[in-house]
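Colleague: I'd like to go over a predicted model; first the sequence, then the structure.
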Number of protein chains: 2
Amino acid sequence: MKLATLDTGTPDGALVVVSADGARYLSAADVAATLQSAIENWTTAAPALAALAEKLAAGGGQSTADLAFAAPMPRAWQWLDGSAFRSHGELMETLFGTEPPPPGRPLMYQGLSHQFLSAIADVPMPREEDGIDFEGEFGVITDFVPMGVTPEAAMAHIKLIVQINDWSLRALAPVEMKTGFGWIHAKPACSVAPFAVTPDELGDAWRDGRVHLPLTVDWNGARFGNAHGGVMEFGFHDLVAHAASTRSLCAGTIIGSGTVSNSNFREIGSSCIAERRGIEMLDEGTARTAYMHFGDTVRMEARLPDGSVLFGAIDQKVVKG
Amino acid sequence: MKLATLDTGTPDGALVVVSADGARYLSAADVAATLQSAIENWTTAAPALAALAEKLAAGGGQSTADLAFAAPMPRAWQWLDGSAFRSHGELMETLFGTEPPPPGRPLMYQGLSHQFLSAIADVPMPREEDGIDFEGEFGVITDFVPMGVTPEAAMAHIKLIVQINDWSLRALAPVEMKTGFGWIHAKPACSVAPFAVTPDELGDAWRDGRVHLPLTVDWNGARFGNAHGGVMEFGFHDLVAHAASTRSLCAGTIIGSGTVSNSNFREIGSSCIAERRGIEMLDEGTARTAYMHFGDTVRMEARLPDGSVLFGAIDQKVVKG
C-alpha cells in the first residue's frame, strides 16, 4: 500500500492511504492521525490501512488532484543517512580528498530530522556560493528496532520505502568533515517524494534489502542521471543494523541509502552534481559543472518496470532563503 | 522558574512547574501538556507557567518526594552538541590526533535526539570495551530560531537552561571521526538533570550567554571534576547562531556546550574520563585511567553560589545493555 500525508498546516499533517496510481485517496484518520502514530502502532495499524487500500483498489476514494501533499513524515525523531553506493563514495573521496571507510563498514551520519520538505516545495538556501547540490536517494522507515539487532532480524523492521532528495551545500562540507564532528551547515532539510510505500508494492524490485529500480534525475529539464538502486554495497537491513549497534531506533526512524550511483556513471549519469564534478576531475583534471543557481529546478522519480508511479515525483526549485 | 517532566509512561511525559528548592510541584496541564508544547507556544505559555511558579513560591503545590522525573524533554526534534571549551578541545585533539577547528568556528555535531534518559535511569551500554565515558555539560533549549540569526538576536531565543550527561563510547569514536560523517556508534542517548530552568533562575551566573557556575562530577563517589562553565570560548548565543546558519531551528531544539573544561584541569579535575586520559598522555606519555565498568556510577550537579539546588542532580549507574 501507499501512504501519504496531507499538508493541513499542522506540524505532522494528516495520514491518508493513496491508490496504486496515486489518483485517489481515503483518509486514515480512523486508524492513525499521522504516519508517526501509524508506525508506532504498526501491528494494528497496518491491517487497518491495508483494508483502506483495498477499498481504493476497488475504485473507492476521492481524487487527489487538488491535494497538497507534505513529506510522508514532515518531521521525524531520527534521520540517519548512509552512503552505501561505493562508486559514489569513491568519487567523493576523490573530490574531497577523504579516506575510504574501513572495508565492510557503512558510512552514516545523523541528519536534521525536524523538517522534511514536501516534494514540490521551493527550497530556500542562503547563498549560491555554498555549492547547492541535490542528492537522489532511496530510504526506509522502520518501526522500533532494539539495540544490537542483526542484519537478518533488521529486515522485518523495514516497514516503508521512500524516495529522498538529500540537499547538500558542498562548499561547506570539507571544513565540517575535517573536524570529525560531521555536518551541520552542509546538510539542510531534505525533501521527500509524496508516497511512502510498503515493500510489497515494489514486487521483485524489493529484494536483498535493496530497491532494484533506476532513479531518474532531471536538472533544469535535462536528464542528468538514471542510476540503478540495486547495486548498494550494503542493503538497507545492513544499514539498520549498523545504526542500531549502540542505540535502539525509535519507530519512525528514516534511514537513507546515500546518493544512488553506479560504476558506469559516465554512461548513465549521476544523482548529484558533486559526482559529475568528481568524474570531470578524474577525466579532465578540473571540475567544470557549476553547482545550482537560484531558480534552478530538479526532478527525481522512480517508476516500476511497467512505467507506473511508485513514490511520486520530487520536482523542486531552489530559491534565495 | 523551574520546569520538569513527570514520567507518566508516555513518550513525552507530563509538564510540571517545580518550586525553587525542587521540593514541591504543580501540574502545568492547563497550560501545556508537555515541555515541547510549552516551548512551541512560549509567548503565551511562559507567563502562565510563571503564575504557577508564583503559587509555589507562596507555599503551594504538592511534595515531589515520591515523583519519578523524566528528562525535561524525554525526546526532542533536534539536539546539537557543541564543543565550546577550548581546553577540552585541545586535550581531545591530543588524544585522538585530530586537528583543531579553524579559529572562531565552534565545533558541533547533530546527535541522537529521540531519547533522553532521566537523571537517575540506569544507562544500558553494549560492551565495556567500547570505552564508556561520561561528559558533563550545560545546554540550552530554544524556541523557533530563523535561519541566519545573528548571535545577538540568538540570545533572546534561549528560553531554558539544562544540565546534560552526554554519554560517549570512546573506542568507537576515532573510526567514525575519520570518515568525516561524525558519530553514530560513539554517541548513544544522553541523560538530563530533572529541572529545566529559565535564565533568570541563575541570576548573575547567567551572563554573556554562559553558565558561570562550577559543575561537580563524582565518579563512584569520589570527586573527579569541578570545572567552571564561565570560560566557554563561544557563548550559547554563538552556538545557536552557528547552528542556524543554513537551517531554521525548531522550537525545542537543545544545544549543548560540550564537556565543561578549564585550563587548570590538573587542579580542578575534568568532566569526562577522556580528558583525564589526555592529561596523563601529556604528563606521563600514556593514559592510565580506564573507562567505566558496568556497575560504575557518576553524579553531576551544579549549585548556585548560595548552595541551593539548580538543575537537580544526575546520578546514574552504567549497566550491561
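Modeller: Nice, thanks for sending it over.
Colleague: May I have stretch A:98-118 exported as PDB, CA atoms only?
Modeller: Extracted in PDB, the C-alpha atoms of stretch A:98-118 (Å, rounded to 0.1, in the frame of the first residue of the first chain):
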ATOM      1  CA  THR A  98      39.000  11.900   2.200                       C
ATOM      2  CA  GLU A  99      39.900   8.400   3.000                       C
ATOM      3  CA  PRO A 100      37.700   5.400   2.200                       C
ATOM      4  CA  PRO A 101      35.900   3.800   5.100                       C
ATOM      5  CA  PRO A 102      37.200   0.500   6.600                       C
ATOM      6  CA  PRO A 103      36.000  -2.400   4.400                       C
ATOM      7  CA  GLY A 104      32.700  -3.900   5.400                       C
ATOM      8  CA  ARG A 105      31.600  -0.700   7.300                       C
ATOM      9  CA  PRO A 106      28.800   1.500   6.000                       C
ATOM     10  CA  LEU A 107      29.200   5.300   6.200                       C
ATOM     11  CA  MET A 108      26.400   7.000   8.000                       C
ATOM     12  CA  TYR A 109      25.600  10.400   9.500                       C
ATOM     13  CA  GLN A 110      22.900  11.700  11.800                       C
ATOM     14  CA  GLY A 111      20.900  14.400   9.900                       C
ATOM     15  CA  LEU A 112      18.500  17.200  10.500                       C
ATOM     16  CA  SER A 113      15.100  15.500  11.100                       C
ATOM     17  CA  HIS A 114      12.900  18.200  12.400                       C
ATOM     18  CA  GLN A 115      11.800  19.200   8.900                       C
ATOM     19  CA  PHE A 116      11.300  17.300   5.700                       C
ATOM     20  CA  LEU A 117      10.200  19.500   2.800                       C
ATOM     21  CA  SER A 118       7.400  18.400   0.500                       C
END
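Colleague: Distance of residue A:83 relative to chain B?
Modeller: In this view, residue A:83 and chain B are 7 Å apart by CB to the nearest CB, to the nearest Å. In short, each C-beta sits where N, CA and C put it, glycine included.
Colleague: just residue A:125 next, same as before
Modeller: 7 Å.
Colleague: count of residues packed around that residue?
Modeller: 20 (other CB atoms under 10 Å in any protein chain shown).
Colleague: wait, it sits on residue A:321?
Modeller: Yes: between residue A:125 and residue A:321 there is a contact under CB atoms under 8 Å: 5.2 Å.
Colleague: what mean pLDDT does stretch A:104-124 have?
Modeller: Across stretch A:104-124, pLDDT averages out at 96.
Colleague: What of stretch A:233-251?
Modeller: 98.
Colleague: can you tell if it touches chain B?
Modeller: Yes: part of stretch A:233-251 sits close enough to chain B to count as contact by CB under 8 Å from any CB of the partner chain, namely A:242, A:243, A:245, A:246, A:247, A:248, A:249, A:250.
Colleague: Make a markdown table out of the residues you listed and add secondary structure and neighbour count.
Modeller: Formatted as a markdown table, the entries for the residues of stretch A:233-251 next to chain B read as follows, by DSSP: H, G, I helix; E, B strand; the rest coil; neighbours: other CB atoms under 10 Å in any protein chain shown:
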| residue | secondary structure | neighbour count |
| --- | --- | --- |
| A:242 | helix | 22 |
| A:243 | helix | 26 |
| A:245 | coil | 17 |
| A:246 | coil | 24 |
| A:247 | coil | 25 |
| A:248 | coil | 19 |
| A:249 | strand | 26 |
| A:250 | coil | 22 |
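Colleague: So which of the residues you listed is the closest to chain B?
Modeller: Of all these, the one sitting nearest chain B is residue A:250; the distance, using CB to the nearest CB, is 4.1 Å.
Colleague: How far away from the center of its chain is the top helix by length along chain A?
Modeller: For chain A, the helix with the greatest residue count under DSSP state H is helix A:42-57. Computed by CA atoms, centre = their mean, to the nearest Å, the separation of helix A:42-57 from the middle of its chain amounts to 24 Å.
Colleague: same thing with stretch A:118-136?
Modeller: Here stretch A:118-136 shows a centroid-to-chain-centroid distance of 15 Å under the convention CA atoms, centre = their mean.
Colleague: Those residues of the stretch 1-150 of chain A touching chain B, which are they?
Modeller: A:75, A:77-78, A:80, A:83, A:96, A:98-99, A:101-102, A:105, A:107-115, A:124-126, A:130, A:147-148.
Colleague: Buried among those residues? Make that a ChimeraX selection.
Modeller: Selecting in ChimeraX just the buried members of the residues of the stretch 1-150 of chain A next to chain B, where the criterion is 16 or more other CB atoms under 10 Å in any protein chain shown, is done with this command:
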select /A:75,77,78,80,83,98,101,107,108,109,110,111,112,113,114,115,124,125,126,130
